[in-house]
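Student: Output the structure for:
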Amino acid sequence: MPSQILVSRPYFDTRVAAQNGSQPLVTNPETAVKENVYAGTSAGLATAGYRSAKYTPEEWLANNSALLNRSVADRDHAERICTESKALKAETDAGTLRTQTAGTKHLGNRLQDIHRWRSELEQLIERLIAETDLLTASRRRLEKALDATEIPFAIATDNLSCRERRFGPDLVEDQVEEELLKEVELIRSIQALLKKTLDQTVNQIRLNREVKQTLELDWSDKQHAYSLDDQCGRFNNRSTDTQRHPSSAEVWRKFTLDNLRLAEREEVASQALRRLIERVLQETSEDLRAQCAAADQAFNQRCMELSQAKTQLELHLAQILEQIGAQERNISYLQQAVYDKEAPLRVAQSRLHYRTFRPNMELCRDQPQLSLLGEVSELNSTVSALQQQLYEARKSLSDLEESRLSLEKDISCKTNSLLIDREKCMTHRTRYPSVTVLSGY
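Tutor: The predicted structure is shown next:
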């Protein structure tokens, strides 16, 4: 064994080391002093072999005192922890009860909110359904009104086509023609307006149905959420069907408000569109009937004018026929007069001829000779005048015949025009739809 001084093992508490980590070794100060005192003596060297694995009484006392002190400190620490634990338990129990009560209250408020929103959704869904049904009925009216305009269009175009078959001087662009062209243009513009309004109506119905579907989905979600929150409200600490779930916050008020605002906006747009449809149908039907009345009035006026013109022509034709008869009799009378003058003229010319055969001094220009010459000259003048008058009468008769033909042709033209306007056009116009039919009912 080497000759060196052996000192006692230093005081070391393993629990303190465990708590404090790698702390420096703690040495009892009293023991350290004694060790330093006896470190250089011969007694220490003599007992060195017996003290290698033993503690000194001071170490034993120090260790005992340390154990007692440590136990007292551990007991005080444990009591303090127990007191704090009881206080913490009471506080957490009260907090848990308070938060659970608040959660139950919030669930109740949430159930009320969900019920209110669900009720508003239900009311708006019902209003949208009713509004969509009304708009669908308006769409059907638009379709019927659009179909009804085909009849006036066919009538107007048929009237124009029929009036193209007029001939002669009656083929004119009269007031009836203008009114019919206005009617055709009006019907085309009305058809375009009805088609545009119908497209808007179909689009609005689609939007209403989309919004209604959105509201129904939202209502379904709220119905499901209501049942879940109602079930959550019935949970308590003794419930056996509870388990842990991760929780997250959900913002849903704005979503429902946006849906409601969108639905209300579409509802207002649908109502405005229905009012527009009603006004369009009313105005278009009234415009069509007003134009129809104007065209009918023009037809009546034209037929009256044609009838008056035809009556005047027939009156003049009767007068012309009467005058033709009188002229024919006059021509016969003049021909007879010319024929009647031929015998006296022959007699007078024969007398003059035979008196030229008188002999010598008897061949003189006596009174009979002068009388015969005057008679022949007068008869020639009379025959010439009668022939000239006969020529004039025959020319007048030819003019009368031409007038008769013109009058008869014009009367035929007026008869044909009256047949077209009165019998065909006006009869066809009696099938014009009423205001009720043009309004889509």
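Student: Now do the helices in the stretch 301-441 of the chain.
Tutor: All helices of the stretch 301-441 of the chain, identified by DSSP state H, counting those that start in this stretch, fall at 367-418, 426-429, 435-438.
Student: Show me this structure divided up by domain.
Tutor: Under the assignment automatic domain parsing, the domains of the chain span 14-101, 109-233+252-297.
Student: And the ones you listed, which one averages the lowest pLDDT?
Tutor: The minimum mean pLDDT among these belongs to domain 14-101 (a mean of 68).
Student: Need the residues that contact stretch 321-332.
Tutor: Contacts with stretch 321-332, where a contact means Cβ atoms under 8 Å, 6 or more residues apart in numbering, come from L390, A393, R394, S396, L397, L400, E401, R404. Where C-beta positions appear, they are placed from N, C-alpha and C, glycine not excepted.
Student: cool, and stretch 352-371?
Tutor: L372, L373, V376.
Student: re earlier: any idea which of the domains of the chain is most buried?
Tutor: With neighbours taken as mean count of other Cβ atoms under 10 Å, the domains of the chain reach their highest mean count in domain 109-233+252-297, at a mean of 16.
Student: before we move on, back to that, mind putting the domains of the chain into TSV with distance to T427?
Tutor: Shown next, in TSV, are the domains of the chain (distance: least, Cβ to Cβ, whole Å):
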stretch	distance to T427
domain 14-101	89
domain 109-233+252-297	11
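Student: contacting residues around the residue nearest to E131 when sequence neighbours are not counted?
Tutor: Leaving aside its chain neighbours, E131 sits nearest to S270 (4.9 Å; criterion: Cβ to Cβ, 6 or more residues apart in numbering). Contacts were defined as Cβ under 8 Å, 6+ apart; by that measure S270 touches E131, T132, L134, L135, Q204, N208.
Student: Check the gap between S270 and Q204 for me.
Tutor: Taking Cβ to Cβ, to the nearest Å as the measure, S270 falls 5 Å from Q204.
Student: Now do the shared contacts for these two.
Tutor: Overlap of the contact sets of S270 and Q204 (by Cβ under 8 Å, 6+ apart) consists of L135.
Student: between the helices of the stretch 301-441 of the chain, which one is nearest to T284?
Tutor: Minimum separation from T284 across these (Cβ to Cβ) falls at helix 435-438, 7.0 Å.
Student: what sits up against the closest one?
Tutor: Contacts of helix 435-438 (Cβ under 8 Å, 6+ apart): K144, A145, A148, T149, P152, L281, T284, S285, E286, L288, R289.
Student: try 7 Å this time
Tutor: Residues outside helix 435-438 that contact it (Cβ atoms under 7 Å, 6 or more residues apart in numbering): A145, A148, T284, S285, E286, L288, R289.
Student: Among the residues you listed, which lie within helices?
Tutor: Among those, the ones falling in helices (DSSP state H) are A145, A148, T284, S285, E286, L288, R289.
Student: and the two most separated of the residues you listed?
Tutor: Using Cβ to Cβ, the ones in helices among the contacts of helix 435-438 span at most 13.7 Å, a distance reached by A148 and E286.
Student: that older thread, turn the ones in helices among the contacts of helix 435-438 into TSV, columns for distance to L181.
Tutor: Shown next, in TSV, are the ones in helices among the contacts of helix 435-438 (distance: Cβ to Cβ, whole Å):
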residue	distance to L181
A145	22
A148	21
T284	18
S285	20
E286	20
L288	15
R289	18
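Student: if we take those residues, which one ends up nearest to H224?
Tutor: Proximity of the ones in helices among the contacts of helix 435-438 to H224 (Cβ to Cβ) peaks at A145, which lies at 44.8 Å.
Student: And the nearest residue to the closest one once chain neighbours are set aside, how far from L142?
Tutor: The spatial neighbour of A145 that comes closest, neighbours along the chain excluded (Cβ to Cβ, 6+ apart), is G440 at 3.9 Å. Computed as Cβ to Cβ, the G440 to L142 distance reads 6 Å.
Student: any chance you could map the helices in the stretch 51-200 of the chain?
Tutor: Per DSSP H, counting those that start in this stretch, the stretch 51-200 of the chain carries helices over the ranges 57-148, 150-163, 175-234.
Student: will you turn those into JSON lines that also has distance to R253?
Tutor: As requested, the helices of the stretch 51-200 of the chain are exported to JSON lines (distance: least, Cβ to Cβ, whole Å):
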{"stretch": "helix 57-148", "distance to R253": "8"}
{"stretch": "helix 150-163", "distance to R253": "53"}
{"stretch": "helix 175-234", "distance to R253": "11"}
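Student: All good on my end, thank you.
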